[in-house]
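Chemist: With the sequence up front, the predicted model follows.
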Amino acid sequence: QVQLVESGGGSVQAGGSLKLSCTESRYTKTMAWFRQVPGKEREGIAFINDHPFTVYGDSVKGRFTISRAGTTVYLQMDNLRPEDTAHYYCAASSRIAVVSTDERWYDHWGQGTQVTVSS
C-alpha cells in the first residue's frame, strides 16, 4: 500500500495562487490530482507520469501546472477562480506507467486538502 499525504491547501482570493504538494511513501510512475465539490462527481484535473508526460483537464488548462520531484508531486495553481473551490486529492497508480485520466486506474488516494477561492 502506498500512503499519500497532501499539503498546501487554504483560502485565497480570485486571481491568486496556491501550490499543493503530495508526498508518497514509495515511488509510483503515474500520479494525478483530482478535485471534488460536495454533490458533484470527482473531476480529474492534472496527470503526470515519470517521462514526464502531462495531461490537464480543460477547466484548468493554462492555469495549473503539475510537476514532480522524486516521490513528491506538485500542483501549481495560478489565476484561481471561485469555481476552483473544492477538495483536492492526490492519487497514484501502481498498475500503469502511462498517463490515464480514468480514475479507476488510481488505487492509492490521499485524504485531500481544501482549496477555497473567494471572489
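Modeler: On my side now, so go ahead.

Chemist: What segments of the protein are helices?
Modeler: Counting by DSSP state H, the chain yields no residue ranges for helices.

Chemist: Distance check, the residue nearest the centre of it against D102.
Modeler: For the chain, the residue lying nearest the average C-alpha position, counting by C-alpha atoms, centre = their mean, turns out to be W33 (1.9 Å). To D102, W33 is 15 Å away according to C-beta to C-beta, to the nearest Å. C-beta here means a position set from N, CA and C on the backbone, and glycine is covered the same way.

Chemist: what do you get for A69?
Modeler: Separation of A69 from D102 (C-beta to C-beta) stands at 25 Å.

Chemist: likewise A92?
Modeler: From A92 over to D102 the distance is 14 Å, taken as C-beta to C-beta.

Chemist: swap in E83?
Modeler: With distances defined as C-beta to C-beta, the gap from E83 to D102 amounts to 23 Å.

Chemist: what's the answer for Y74, then?
Modeler: For Y74 relative to D102 (C-beta to C-beta), the value is 22 Å.

Chemist: same thing with A32?
Modeler: According to C-beta to C-beta, A32 and D102 sit 10 Å apart.

Chemist: can you check T54 too?
Modeler: On the measure of C-beta to C-beta, T54 and D102 end up 16 Å apart.

Chemist: who has more neighbours, the two?
Modeler: Relative neighbour count places T54 above the other of T54 and D102, with 15 against 10, counting by other C-beta atoms under 10 Å.

Chemist: Contacts only, for the nearest residue to the more buried one once chain neighbours are set aside.
Modeler: In this structure, T54 finds its nearest non-sequential neighbour in I48, 4.9 Å apart by C-beta to C-beta, 6 or more residues apart in numbering. Shown in contact with I48 (C-beta atoms under 8 Å, 6 or more residues apart in numbering): 30-32, 54-55, 66-68, 73, 99.
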